[in-house]
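Student: Below are the sequence and a predicted model for it; my questions follow.
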Amino acid sequence: MEEPKKLLTAEREKAVSAYRVFTKNQPDSVIEALIQGANLEQAKAFSKQYGASLENSHPLKCEDCGSKKVSRASGSLSEPQSGAKTFQKKSPDSFKLSKK
């Protein structure tokens, strides 16, 4: 019984997040309460509606090359893929000053 509750909670959070972005972080508390009280079918509908509206107003594209072959997952912070070079910032303590 715990798994369906997690699924419902996740779907509600997804819908609320999409709604907040859609309203430019000025959500109506009544609509948020409505989403938070929604059943799974309703939460999915809210998520689909606000997600589609968000996609229309903010379509995905690569900021570097302009390609539209991207996903929201590609824009998230994640571990680099194998073979990718990474840059690690050095600590200021690791540098030594030369004496002149």
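Tutor: Received it, and whenever you're ready, just let me know what you need.
Student: Now do stretch 23-43: distance from first to last residue.
Tutor: End-to-end distance for stretch 23-43, by C-alpha to C-alpha, to the nearest Å: 17 Å.
Student: Tell me where the protein has helices.
Tutor: 2-22, 29-36, 40-57 (DSSP state H).
Student: what's near enough to touch the residue nearest to residue 40 when sequence neighbours are not counted?
Tutor: Excluding the flanking residues, the one nearest residue 40 by C-beta to C-beta, 6 or more residues apart in numbering is residue 8, at 5.1 Å. (Glycine included, C-beta is placed from N, CA and C.) Residue 8 is in contact with 39-40, 43, counting by C-beta atoms under 8 Å, 6 or more residues apart in numbering.
Student: Which neighbouring elements make contact with the helix or strand of the chain at the bottom of the mean pLDDT ranking?
Tutor: Using mean pLDDT, DSSP states H and E, the weakest-scoring helix or strand in the chain turns out to be helix 40-57, at a mean of 86. On a contact count with 3 or more C-beta pairs under 8 Å, 6 or more residues apart in numbering; DSSP states H and E, helix 40-57 meets helix 2-22.
Student: what about this protein, any weak spots by pLDDT?
Tutor: 1, 57-59, 71-100 (pLDDT under 70).
Student: Okay, residue 6 and residue 38: tell me how far apart.
Tutor: Separation of residue 6 from residue 38 (C-beta to C-beta, to the nearest Å): 15 Å.
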